[in-house]
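Q: got a predicted model here, sequence first, then my questions.
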Amino acid sequence: MGESWRAEKLPPETLQKNFVEITPPLTDEEALVESNRCLFCYDAPCMRACPTHINIPSFIKKIATGNLKGSARVIMESNFLGATCARVCPVDELCEGSCVYEPFNKPIMIGRLQRYATDAMIAKNWHLFEPGSPTGKRVACVGSGPAGLSCAAELAKLGHKVTIFEKREMAGGLDTYGIVVFREPREISLKEVQMVQDLGVEFRTKVEVGKEISTQELLTTYDAVFLGLGLGRVPPLGIPGENLAGVYDALDFVESTRTQPIHKIEVGRRVAILGAGNTAVDAATISKRLGAEHVLILYRRGEDEMSAYRFEYEFAKNEGIEYRLFTAPVRILGNHRVEAIECVRTQLSGLDATGRRAAVSIPGSEFTIPIDMVIRATGQHKYLQLLDNLNVKHEKGRILINTETGQTSNPKIFAGGDCVLGPGAMAATVIAVEHGKIGAKGIHHLLTPQKQAK
């Protein structure tokens, strides 16, 4: 085969253009005009639709009156990761989808206005909050993704001493490693990490709970623990040929665009993405923008069953990605390196163990697609062993919590983010941020009962 599997390298200027943020910031004039379109509804449906309940009319009105610092503070009081959420939130399904202008296809650009205010905050390095008066209590947050950062920030503002344990080199979790560059530069996530650190939160990176620090030490050293574990790597497919060169984990592939120079990342000429969630769309659009000639998303169910947001699905189609629905991989073919993928047609049957329509193979419908590269985006592992060691109840790795407090079956341990989401639940940074807030409130109530009684 030689090197015929590689896509032709795009010129540096084309690559740079392909990986610039796809949504430009509003100009001062655009922000002023857009903010003055808002009706500042008293019982704002957009605010009710926001998982973190940002006072949207208030922050927009402050933009309209030139008070950007006040606007940023309103946002950050409810969502400490407001800069990231301004870029990656599924606003069509949340705040903007509930705007009173939405039926006329002209909802207020809430996300872009939020970005306008938080970009100003970052550019001018505004310090909007201070640590609270020390309570003498110590809290550990396991994982530095959006749930852990949100929880840590809220606890620090209440005066608790917080330490975040992160097994990776950089903090920020999915926001640092897993968001495609043309949606959010890594610098935004790292700035939010710095803002949490500025509140006195200690970060211990390259420390994995259960290895560098035992679960027993964690529980005896700290007064409470918050688990913002997220999810693990993509599990094996369990089909022949997946160990061939040219088969990649979607998370690793997306991460490479956050940690390596774009021009050094190689992609096949013909790429197959297995799965139809948001990560699958990210892997597909990255492949296309790196120069892949033909990119396919293979999914065993239909369009209605896809877990990707609708706007992500449409974005991929506009990028020239081809969807092959009701298609399941059977084996990957090749001599040392991927050359083709054998698939089978499927149809929907009864419900599976997750409550979704099961996809069953149609006998005799096998076919083969020539492929140079396969990217697995078929779900993620959960941290079963760690949860068992912490004596936390879970359902196949999904941590069971009191949704009002974030408390687990172990009264000292709280949790939030992707690690608590059930099948079909919306997974988004903004959801994890709210979980972190709920967990912080629950922990504060646990650690300061005398204050709650007053």
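A: Yep, that arrived. Numbers count the residues shown, from 1 in each chain.
Q: okay, CA-based contacts and neighbour counts for the rest of this
A: OK.
Q: longest helix of this structure?
A: helix 429-447 (DSSP state H).
Q: ok, residues contacting it?
A: Helix 429-447 is touched from outside by 51-52, 79-81, 85, 88-89, 137, 146-152, 154-155, 158, 175, 223-224, 226, 228, 404-407, 414-418, 452, with contacts defined as Cα atoms under 8 Å, 6 or more residues apart in numbering.
Q: kindly report the same for stretch 318-330.
A: By Cα under 8 Å, 6+ apart, the list of residues contacting stretch 318-330 from outside reads 239-240, 274, 284-285, 288, 294-303, 317, 341-347, 359, 361.
Q: show me what counts as buried in it.
A: Neighbour counts over stretch 318-330 (16 or more other Cα atoms under 10 Å) mark Ile321, Glu322, Tyr323, Arg324, Leu325, Phe326, Thr327, Ala328, Pro329, Val330 as buried.
Q: quickly name whichever of the residues you listed is closest to Asp372.
A: Nearest to Asp372 among the buried residues of stretch 318-330: Pro329, at 14.7 Å, using Cα to Cα.
Q: could you look up the SS state of the closest one?
A: strand (DSSP: H, G, I helix; E, B strand; the rest coil).
Q: could you measure from Arg345 over to Leu390?
A: Distance, Arg345 to Leu390, using Cα to Cα, to the nearest Å: 43 Å.
Q: and for Gln260?
A: 35 Å.
Q: before we move on, what about Leu231?
A: Going from Leu231 to Leu390 by Cα to Cα gives 17 Å.
Q: what of Ala250?
A: Going from Ala250 to Leu390 by Cα to Cα gives 29 Å.
Q: also Arg6?
A: Distance from Arg6 to Leu390, by Cα to Cα: 46 Å.
Q: domains of this structure?
A: Following automatic domain parsing, the chain resolves into domains at 20-124, 138-232+381-453, 247-376.
Q: off-centre distance for the second one?
A: By that I understand domain 138-232+381-453. Between the centre of domain 138-232+381-453 and the centre of its host chain there is 14 Å, according to Cα atoms, centre = their mean, to the nearest Å.
Q: again with the last one
A: Its chain's C-alpha centre lies 19 Å from the corresponding centre of domain 247-376 when counted by Cα atoms, centre = their mean.
Q: could you do the first one as well?
A: Its chain's C-alpha centre and that of domain 20-124 lie 20 Å apart, by Cα atoms, centre = their mean.
Q: how many neighbours does the closest residue to Asn410 other than its chain neighbours have?
A: Spatial nearest neighbour of Asn410, excluding adjacent residues (Cα to Cα, 6 or more residues apart in numbering): Val392 at 5.8 Å. Using other Cα atoms under 10 Å, Val392 has 19 neighbouring residues.
Q: quick check: pLDDT value at Val392.
A: At Val392, the pLDDT value in this model is 94.
Q: wasn't it part of a strand?
A: No. Val392 is assigned coil when assessed by three-state DSSP, not a strand.
Q: helix/strand/coil for Leu296?
A: Of the three states, Leu296 takes strand according to three-state DSSP.
Q: how near is it to Leu325?
A: Distance from Leu296 to Leu325, counting by Cα to Cα: 10 Å.
Q: can you give me the helices in the stretch 351-454 of the chain?
A: Along the stretch 351-454 of the chain, the stretches classed as helices by DSSP state H, counting those that start in this stretch are 384-389, 429-447, 449-453.
Q: which one, of those helices, ends up nearest to Leu15?
A: For Leu15, the closest of the helices of the stretch 351-454 of the chain is helix 429-447, at 27.2 Å, according to Cα to Cα.
Q: hmm, back to that, compare Gln260 and Leu390 (neighbour count), which wins?
A: Using other Cα under 10 Å as the criterion, Gln260 and Leu390 rank with Leu390 on top: 16 against 10.
Q: mind listing what the more buried one touches?
A: Thr215.
Q: okay, whichever strand in the chain runs longest in PDB with CA atoms only?
A: Using DSSP state E to define each element, the chain has its longest strand at strand 337-351. The C-alpha trace of strand 337-351 is given here as PDB (Å, rounded to 0.1, in the frame of the first residue of the first chain):
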ATOM      1  CA  ARG A 337      -3.300  -1.400   8.000                       C
ATOM      2  CA  VAL A 338      -7.000  -0.700   7.400                       C
ATOM      3  CA  GLU A 339      -8.100  -1.200   3.800                       C
ATOM      4  CA  ALA A 340     -11.900  -1.700   4.100                       C
ATOM      5  CA  ILE A 341     -14.700  -2.200   6.500                       C
ATOM      6  CA  GLU A 342     -17.300  -4.900   6.200                       C
ATOM      7  CA  CYS A 343     -20.800  -3.900   7.300                       C
ATOM      8  CA  VAL A 344     -24.300  -5.300   7.600                       C
ATOM      9  CA  ARG A 345     -27.600  -3.600   7.100                       C
ATOM     10  CA  THR A 346     -29.800  -3.300  10.300                       C
ATOM     11  CA  GLN A 347     -33.300  -2.700  11.300                       C
ATOM     12  CA  LEU A 348     -34.900  -1.600  14.500                       C
ATOM     13  CA  SER A 349     -36.500  -4.100  16.800                       C
ATOM     14  CA  GLY A 350     -37.700  -4.000  20.500                       C
ATOM     15  CA  LEU A 351     -36.100  -2.100  23.300                       C
END
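Q: what helices or strands is it leaning on?
A: Applying 3 or more Cα pairs under 8 Å, 6 or more residues apart in numbering; DSSP states H and E, we find strand 337-351 packed against strand 327-335, strand 357-361, strand 367-370, strand 373-376.
Q: picking that back up, who wins for proximity to Glu130 among the domains of the chain?
A: That would be domain 138-232+381-453 among the domains of the chain, by Cα to Cα, at 6.0 Å.
Q: burial of Val100, as a residue count?
A: 18.
Q: quick check: chain neighbours aside, which residue is closest to it?
A: Using Cα to Cα, 6+ apart, the nearest residue to Val100 is Pro107, at 7.1 Å.
Q: can you give me the neighbour number for Glu77?
A: 17.
Q: other residues contacting the helix or strand containing it?
A: Following DSSP states H and E, the helix or strand that holds Glu77 is helix 68-78. Here helix 68-78 makes contact (Cα under 8 Å, 6+ apart) with 52-56, 58-63, 82, 114, 117-118, 120-121, 126, 128.
Q: any idea of the mean pLDDT for that helix?
A: Averaged across helix 68-78, the pLDDT comes to 98.
Q: before we move on, what about stretch 87-99?
A: Averaged across stretch 87-99, the pLDDT comes to 95.
Q: return the set of buried residues in that stretch.
A: Arg87, Val88, Cys89, Pro90, Val91, Asp92, Leu94, Cys95, Glu96, Gly97, Ser98, Cys99.
Q: how about stretch 26-39?
A: Of all the residues in stretch 26-39, those buried under the rule 16+ other Cα under 10 Å are Ala31, Leu32, Glu34, Ser35, Asn36, Cys38.
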